[in-house]
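In: What would the 3D arrangement of this be:
(one chain, ligands or ions: 1)
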Amino acid sequence: MHLALSDRTLSLSLNRYPQFANANLQAWDAADEYLLKQLLESELAFSKVAIINDSFGALTCALTQQFPQTSLFVETDNKTSQLGTIANLEANQLVQDNIEWLNSREDLPENIDLVLMKLPKNLNYFAHQLSRLSQVLKQETKVLIAAKAKNINKSVIELIKQQLGEASASLAWKKCRVITCVTDGTKRNAPNNTHWEIPEYQLQLNNFSNVFAANKLDIGARALLQFFPKGDFSNIVDLGCGNGVLGLRAAQIFPNANIHFVDDSEMAVASAQNNWQLNGFDLAKGHFHWDDCLTNLDSEVKPDLVICNPPFHQGEAITDHIAWQMFLDAKRKLVQGGVLHVVGNRHLGYHIKLKRLFGNCKTVGSNGKFVVLQSVKDA
Ligand SMILES: C[S@@+](CC[C@H](N)C(=O)[O-])C[C@H]1O[C@@H](n2cnc3c(N)ncnc32)[C@H](O)[C@@H]1O
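Out: Numbering: from 1, shown residues only. All right, here's what the predicted structure looks like:
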């Protein structure tokens, strides 16, 4: 990323995370550039800055490079964003001493004097983030929110006014805008978590605001539940667990098994943990991991079943590299004879990938839209 302004130059080499995949996709966008341009051209004074929803560290690296004395509080719900930001800081030889990392549920400090934020896709999550900011920001604090112009409409501006204070959007530049909000100092309560049930499986689900399938069962997950793995399993991983619905069902069918819930979203992992308790499962048998696929899964854990409804996008980019990473990690972690059980949209062609990786893949069920596939390690 290169920005040449009248009295400063900003130059950074940035990669997405993981780096090897999708080398053709960029690690920053024009909204990052516009936000930084506005900040660097402004007369704003600040010493404690919160950076929220930075995809792969463009904002964090730029602030660290340009204002090395400033304290940064970097909040993200995604492990991959945090790992990507750390990798980019290291690649640009930027010191991390002034950075404090926060997930999307940890309290922000009270003395922040500027907030830089990217608008997330999920507006319920955005409302939640704004209400969290309202809890700690003093009156007259500036919050700069950048996004593609097409994603900023009246209801987004109204939401910001409702949750935080007066707000107005800049002119467009490279099809992006920056909203400036000035806080009114009033504290707002966080919106409630969503709650729904699956009566046929007697499961109750609570979702924190940034969790997949906010109000109802995903249709892919429904297909996987219909064609659930059969056998005798004792160590099960729900990979990309979301609210944990697949792992909870596994706990009903295999009550003696240990179930490991893994997700890139901290809120997803927290929801799964919450739902484990809500549905009355044995606390000792549920294990919860905020991780990028199975990167950090303890080598002591030896799964004999991995169940997975993989994502097919990363942020706004449609990509199957996460699914592929999940399949690779499952193969690496499964015990000999262990099973990977996957649901996917028919047109995604997961069976080709699974056959290539495991040397076998059978269809265990299907409907008009989805296939449920199974591969066995070294079958
Ligand atoms: C299609 S959703 C499935 C959620 C849930 N299992 C269900 O069936 O309703 C995919 C999940 O994968 C998670 N995910 C995305 N990238 C990931 C990664 N690199 N590592 C772990 N989980 C990831 C997403 O946060 C999301 O919760």
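
In: three-state assignment of residue 150?
Out: helix (DSSP: H, G, I helix; E, B strand; the rest coil).

In: ok, for it, nearest residue in space, not its chain neighbours?
Out: residue 175 (7.3 Å; CB to CB, 6 or more residues apart in numbering). All C-beta atoms are positioned from the backbone trio N, CA, C, and that covers glycine.

In: confidence score at the one you found?
Out: pLDDT for residue 175: 97.

In: OK, contacts around it?
Out: Residues in contact with residue 175, defined by CB atoms under 8 Å, 6 or more residues apart in numbering, are 30, 148, 149, 150.

In: Give me the spatial nearest neighbour of the first one, chain neighbours excluded.
Out: If the residues on either side of it in the chain are set aside, residue 30 comes closest to residue 174, at 3.8 Å by CB to CB, 6+ apart.

In: Tell me how many other residues crowd the one you found.
Out: 12 (other CB atoms under 10 Å).

In: before we move on, the earlier item: identify, from the contacts of residue 175, the entry nearest to the ligand.
Out: Among the contacts of residue 175, residue 148 lies closest to the ligand (CB to the nearest ligand atom), at 21.7 Å.

In: Apart from its chain neighbours, what residue comes closest to that closest one?
Out: residue 176 is the one closest to residue 148 (CB to CB, 6+ apart), at 5.6 Å.

In: Pull the number of nearby residues for that neighbour.
Out: With other CB under 10 Å as criterion, residue 176 counts 21.

In: That one bridge partners, please.
Out: Judged by DSSP bridges, the bridge partners of residue 176 are residue 148, residue 173.

In: what do you get for residue 344?
Out: Residue 344 has these beta-bridge partners by DSSP bridges: residue 371.

In: Please name the residues that touch it.
Out: 220, 310, 323, 350, 370, 371, 373.

In: Mind checking which of those are in strands?
Out: Among these, the ones falling in strands (DSSP state E) are 370, 371, 373.

In: on that earlier part again, separation between the residue nearest to residue 30 and the ligand?
Out: Computed with CB to the nearest ligand atom, to the nearest Å, the distance linking residue 174 and the ligand is 28 Å.

In: I figured that residue hits residue 37, correct?
Out: No. Counting by CB atoms under 8 Å, residue 174 stays clear of residue 37, with 9.7 Å between them.

In: Give the PyMOL command for selecting the buried subset of the contacts of residue 175.
Out: In PyMOL syntax, the buried subset of these is picked out as below (16 or more other CB atoms under 10 Å):
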select buried, resi 30+148+149
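
In: Tabulate the contacts of residue 175 in CSV, adding columns for distance to the ligand and pLDDT.
Out: Output for the contacts of residue 175, formatted as CSV (distance: CB to the nearest ligand atom, whole Å; pLDDT from 0 to 100):
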residue, distance to the ligand, pLDDT
30, 24, 96
148, 22, 97
149, 27, 98
150, 24, 97
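
In: Which strand or helix spans the residue of the stretch 51-200 of the chain found nearest the ligand?
Out: Minimum separation of the stretch 51-200 of the chain from the ligand (CB to the nearest ligand atom) falls at residue 80, amounting to 5.2 Å. If you go by DSSP states H and E, residue 80 is part of helix 79-91.

In: what pLDDT, on average, does that helix get?
Out: pLDDT averaged over helix 79-91 gives 96.

In: cool, stretch 282-293 as well?
Out: Over the span of stretch 282-293, the pLDDT mean works out to 98.

In: Flag every buried residue along it.
Out: Neighbour-count burial for stretch 282-293 [16+ other CB under 10 Å]: 285, 286, 287, 288, 289, 290, 291, 292, 293.

In: Then stretch 247-266?
Out: The neighbour-count check on stretch 247-266 (16+ other CB under 10 Å) flags 247-251, 254, 257-266 as buried.

In: Equivalent analysis for stretch 171-183, please.
Out: 176, 177, 178, 179, 180, 181, 183.

In: Tell me which of these fall in strands.
Out: Going by DSSP E, the strands hold 176, 177, 178, 179, 180, 181, 183 from those.

In: Report the two of those separated the most.
Out: Greatest spatial distance among these (CB to CB): 176 and 183, at 22.6 Å.

In: picking up where we left off before, which two of the buried residues of stretch 247-266 have the greatest separation?
Out: 254 and 266 (26.4 Å).

In: Okay, the closest residue to residue 346 other than its chain neighbours and residue 306: tell me how far apart.
Out: Once flanking residues are discounted, residue 346 sits nearest to residue 371: 5.5 Å by CB to CB, 6+ apart. Plainly put, residue 371 is 17 Å away from residue 306 if you go by CB to CB, to the nearest Å.

In: And those two? Which one has more around it.
Out: Under the criterion of other CB under 10 Å, the comparison of residue 371 against residue 306 puts residue 306 first, with 28 against 22.

In: Give the pairing partners of whichever strand or helix holds that one; include direction for each.
Out: For residue 306, the host element (DSSP H and E) is strand 305-308. Strand pairing for strand 305-308, determined by DSSP bridges: strand 235-239 (parallel), strand 339-345 (parallel).

In: Could you give the separation of it from the chain centroid?
Out: Counting by CA atoms, centre = their mean, to the nearest Å, strand 305-308 is centred 20 Å from the centre of its parent chain.

In: Right, I'll call it a day here.
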